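# please find the sequence and the predicted model below.
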Amino acid sequence: MNITWRLAWRNLWRRRRRTWLTVGAMVFCNTLLIFLISVQLGSYQMMIDNSLGAFSGHLQLQHEGFDEDQRIRQSVPAVTERALQVEALLAGEAVAARGVAYALASSEERSFGIQVTGVQPAREPGVSTLPGLLREGRYLSGADGEIVVGALLARNLRVGPGDEITMLGSGRDGSFAAAIATVVGIIESGIPELDRALAQVSLPWFQAVFNMGDHGHSLVVRLRNLERVPAAVVALQPLLAGAPELVVLDWDQLQPGLRQAIRSDMVSAWVMYGVLILLVAFSVLNTQLMSVLERTREFGVMLALGVSPGRLARLVGLETALLAALGLALGVAAGGLLGWYLQQAGFTFPGMEEMNARFNLPERIYPPVTLASLLWGPLTVFLGALLAAVYPALRLFGLQPVSAMRAG
Amino acid sequence: MHWPLTSLLTLAWRNLWRNYRRTLIMLLAIALGVWAMIVMSALMRGMTDQMVRNGLATLPGEAQIHHPDFRLDPSVVNHMSMPAGNLLAQLNSAPITAWAARLRVPAVLASEYASRGVTVLGVDPVQEAALGSLPETLLEGRMLASPDDRGILLGASLARRLDTGLGKRIVLMSQDTENNVADRGVRVVGVYRARLQGDEERFAYVGRGALQELLGLEQEVTEIAVSAADYRAVDAWLPALRASAGPGLEVLGWTELHTFLGTMLAVQEGFVLVFMVVVFLVLSFGLINTLVMAVFERTRELGLMQALGMRPALILSQVLLESLQLLALGLLAGNGLALATLLPLRDGVDISAVAEGMEMMEMGTTLYPLLAVNDMLLSTAVVLTLGLLASLLPAWRASRLDPVRALARH
């Protein structure tokens, strides 16, 4: 072991209590940061997965302007053939075609305006979690005249499986569209907006009722993970070559609120983390400045013996680095243990259930411990501590050996 | 026992500045901590406050009266009569400042190109204006003139989706009291902009009388929205209103009508306290450290004081006073800094860069920090209480020194 290292290590333990208190501050702050960051990153991941998984998918191919205006004429021709083409271009990813129309739905007792979605019953479960959230009955079989509705819509219309719903609306060409559908299933997602509005029928029947021909309104793609989105957008470009009116929208364009909600949450979280890290840095600054000041005589002697001020500064820097490394190691260990426990046991607080439902999150979250959530916070604390040592170390350069040796 | 408070204070004050660098750093740390406590609470409070206000502006009101079945089955069938007698008297007495009787029904609006399901509100414009529940911004045309106005007021986003506009006619379809679909052509007399795009697409306004006529009602309504200015004080007047409405009607406060907002407010209150305690805990390591070192450096001196007859209790209070002075100075600086930060932000912080994310939380594009005296008091209480608690250990150790050993130290 190098003499400077040995010196630095011994110096650290000259004031045992002070060192432990400073390390304690770092460990506490690191554990807290690991906890907060893993909950934060974990819930972002779930927010994205659940929001996109419920309905919109990672990508959609649509007529330009449809996302904004949702007009029935803004349609995609030959939509089922295109679904096969998309499937061929993106081997192994789930694709489904949809059509959307608005209608007045009447049961025997009640009438509501609803949005009817035509889906491919065999493909829809691949792109959306909704078909799996049946509360009663079954999902669409593909036969004409079947409809599944959201739980709140069913309650509002006062219908259950087996009951009939009359739909009145207008077709793609502006003609009158009317049909009678039998409720076969009721879906409960727990998201009120979806449960209040959801109504799905099979796509071929949808196209017949609303005079769509072979048109639909969107091709929904669900990828295996979020990282594949940019490559998939590029892969789909050949499809757009012959059809300038079509566009590919990624999840950020489909749900612009999502990324912004995450970003605004991230900003406010980092302001909070910044304050905590700064406070720890002050603690380190205080410790190191004191430790330098109380050794003025000693440093004077060392200077007189020919040790350069640069080497003394390195010594103080090394002491701080050792101190910070201790805080880092213990903090990561403590935070890792806490994170590991939460990953198993989950985390919740009073009121979280209602808040989380808003962002499509479950009532209890199990934040995964990742390298990022484990090291992000503690490394910033480590850097902050090193920066805090700059001022005490710089003071050494102004030291005069003679007056320093005479200092009290 | 006589407490020489003045001399103790002076002693503590002088001790505090013997190592001015250390004191200044600690002071800076406390000030930063207190600043963060107050500024963060003000931002959080501002955010929640705005969410609640926006939520209550569209709910609308802080309490609502319905037919008992209406909330589960929002159909015109579950209507009620206009307030009269006791209820009317209660609605017109303080502290209730405004109320509006309205028809809220699901409906379909159809232009020649498209149709949409919406919620149509049949309103009395004068009552709604008092309640503050009409859209704030009119882009084109006019507001509704009276309850018998036969026009319709549409959101800009809905108008675009329906491919219609000012002066055009659209068809309004809704279920009447006999469960039949009633329809009528209405002219778009105004186009409004709401704070949240979702509201623009969801709500269309028509005259209450005109809608009653279409749906086969006389003077009946489906909802009475009630406001009394302060959303935190609903419990003060809700029971009286409930009593006057009688058992045939359901009277609910906003925390029950909009559970998300109620929870949000409660969680925010809790979070402010948790944040303050956490900030303080991080701070406390430095505080204890400073005091431990200050006592350690003065071991000889403290031993001498004891040898000269100073009681341990006095030494304890001397160290505590030193800590108290440090905390008080830090609090003063922190509160000052927080005020200096928040006052220029009174007119709001522009957060339109993340507007659509904020819309998920029912927020607008400007964040108004809300400085509550309570938060300042709370942070002061947290810092002083926990600060003195943390100082107890070093202070106690200082008072328990053995004078002989202490004096023997170098």
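Received it, and whenever you're ready, just let me know what you need.

# ranking helices and strands of the chain by mean pLDDT, which lands last?
No chain specified, so I'll use chain A. For chain A, counting by mean pLDDT, DSSP states H and E, helix A:352-358 ranks last in confidence among helices and strands (a mean of 72).

# um, chain B though
Scanning chain B with mean pLDDT, DSSP H and E, the lowest is helix B:355-359, at a mean of 65.

# where along the chain do the strands fall?
Since no chain was named, I'll use chain A. A:59-63, A:94-106, A:111-119, A:134-137, A:146-150, A:164-170, A:176-187, A:199-202, A:218-222, A:246-250 (DSSP state E).

# that's the wrong chain, I meant chain B
Using DSSP E, strands in chain B cover B:63-66, B:98-110, B:115-123, B:137-141, B:151-155, B:169-175, B:181-193, B:203-207, B:223-227, B:250-253, B:349-350, B:366-367.

# buried sites along the third one?
Spelled out, it's strand B:115-123. B:115-118, B:120-123 (16 or more other C-beta atoms under 10 Å in any protein chain shown). (Each C-beta comes from the backbone N, C-alpha and C, glycine too.)

# sorry, back to before: list the buried residues in the least confident helix or strand of chain A.
So, applying 16+ other C-beta under 10 Å, buried residues of helix A:352-358: A:352, A:354-358.

# what is the nearest of those residues to residue A:251?
residue A:358 (18.5 Å; C-beta to C-beta).

# what sits against residue 171?
If you meant another chain, say so; for now it's chain A. Going by C-beta atoms under 8 Å, 6 or more residues apart in numbering or on different chains, residue A:171 touches A:72, A:101, A:177, A:209-212.

# that was the other one, I meant chain B.
B:109-111, B:183-186.

# neighbour-wise, which one of these leads?
residue B:109 (27 neighbours; other C-beta atoms under 10 Å in any protein chain shown).

# quick check: beta-bridge partners of it?
With DSSP bridges as the criterion, residue B:109 is bridged to residue B:116, residue B:172.

# how about the nearest residue to the residue most central in space within chain B, chain neighbours excluded?
Geometric centre of chain B, nearest residue: residue B:49, 2.6 Å, by C-alpha atoms, centre = their mean. Closest residue to residue B:49 apart from its sequence neighbours, by C-beta to C-beta, 6 or more residues apart in numbering or on different chains: residue B:370 at 5.1 Å.

# looking at it, the one you found is touching residue B:52, isn't it?
No: here residue B:370 lies out of contact with residue B:52, judged by C-beta atoms under 8 Å, at a distance of 10.9 Å.

# distance check, the residue of the stretch 51-200 of chain A found nearest chain B against residue B:236.
Nearest residue of the stretch 51-200 of chain A to chain B: residue A:113, at 2.0 Å (C-beta to the nearest C-beta). Distance, residue A:113 to residue B:236, by C-beta to C-beta, to the nearest Å: 39 Å.

# higher neighbour count, those two?
A count of neighbours by other C-beta under 10 Å puts residue A:113 above the other of residue A:113 and residue B:236, at 24 against 11.

# show me what contacts that one?
A:102-105, B:106-109, B:115-118, B:173.

# go again using 10 Å as the cut-off
By C-beta atoms under 10 Å, 6 or more residues apart in numbering or on different chains, the contact set of residue A:113 is A:102-105, A:168-169, A:197, B:106-110, B:115-120, B:173-174.

# what about the nearest residue to it once chain neighbours are set aside, distance to residue B:343?
Distance criterion C-beta to C-beta, 6+ apart; nearest residue to residue A:113, sequence neighbours excluded, is residue B:117 at 2.0 Å. Per C-beta to C-beta, residue B:117 is found 47 Å from residue B:343.

# list the contacts of residue A:246.
Going by C-beta under 10 Å, 6+ apart, residue A:246 touches A:61-64, A:66, A:76-77, A:82, A:219, A:236, A:239-240.

# only C-alpha atoms, please: export stretch B:105-117 in CSV.
Output of stretch B:105-117 as CSV, limited to C-alpha atoms (Å, rounded to 0.1, in the frame of the first residue of the first chain):
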residue,chain,number,x,y,z
VAL,B,105,-77.7,14.4,-19.8
PRO,B,106,-75.8,12.1,-22.2
ALA,B,107,-76.5,13.0,-25.8
VAL,B,108,-75.3,12.5,-29.3
LEU,B,109,-74.5,15.5,-31.5
ALA,B,110,-74.5,14.9,-35.2
SER,B,111,-73.4,17.2,-38.1
GLU,B,112,-73.9,16.2,-41.7
TYR,B,113,-70.4,14.6,-41.6
ALA,B,114,-69.9,13.1,-38.2
SER,B,115,-71.5,12.4,-34.8
ARG,B,116,-70.2,12.2,-31.3
GLY,B,117,-71.4,11.2,-27.9
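
# so where's the chain shaky on pLDDT?
Chain wasn't specified; assuming chain A. Low-confidence segments of chain A (pLDDT under 70): A:1, A:358-360, A:408.

# oops, wrong one, chain B.
Looking at chain B by pLDDT under 70, you get B:1-3, B:352-365, B:410.

# residue boundaries of the helices in the stretch 301-408 of chain A?
Along the stretch 301-408 of chain A, counting by DSSP state H, counting those that start in this stretch, helices occupy A:309-345, A:352-358, A:371-388, A:390-395, A:401-406.

# which stretch among these comes nearest chain B?
helix A:352-358 (4.1 Å).

# can you list contacts of that closest one?
Counting by C-beta under 10 Å, 6+ apart, A:43, A:46-47, A:50, A:190-193, A:261, A:348-349, A:361-365, B:259-264, B:266-267, B:360-362 sit against helix A:352-358.

# export that helix to CSV, keeping only CA atoms.
Taking C-alpha atoms only, helix A:352-358 is exported to CSV below (Å, rounded to 0.1, in the frame of the first residue of the first chain):
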residue,chain,number,x,y,z
MET,A,352,-51.9,5.4,-3.7
GLU,A,353,-54.6,3.2,-5.1
GLU,A,354,-56.7,6.1,-6.3
MET,A,355,-53.7,8.1,-7.5
ASN,A,356,-52.3,5.2,-9.4
ALA,A,357,-55.5,4.3,-11.2
ARG,A,358,-55.2,7.7,-12.8
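
# quick one: distance of it to the chain centre.
Chain-centre distance of helix A:352-358: 15 Å, with C-alpha atoms, centre = their mean, to the nearest Å.

# got it, and stretch A:151-163?
On C-alpha atoms, centre = their mean, the centre of stretch A:151-163 falls 34 Å from that of its chain.

# ok, now stretch B:342-352?
16 Å.

# quick one: it near chain A?
Yes: residues of stretch B:342-352 contacting chain A under C-beta under 10 Å from any C-beta of the partner chain: residue B:351.

# may I see the buried residues of that stretch?
By 16+ other C-beta under 10 Å, the buried positions in stretch B:342-352 come out as B:342, B:345, B:351.
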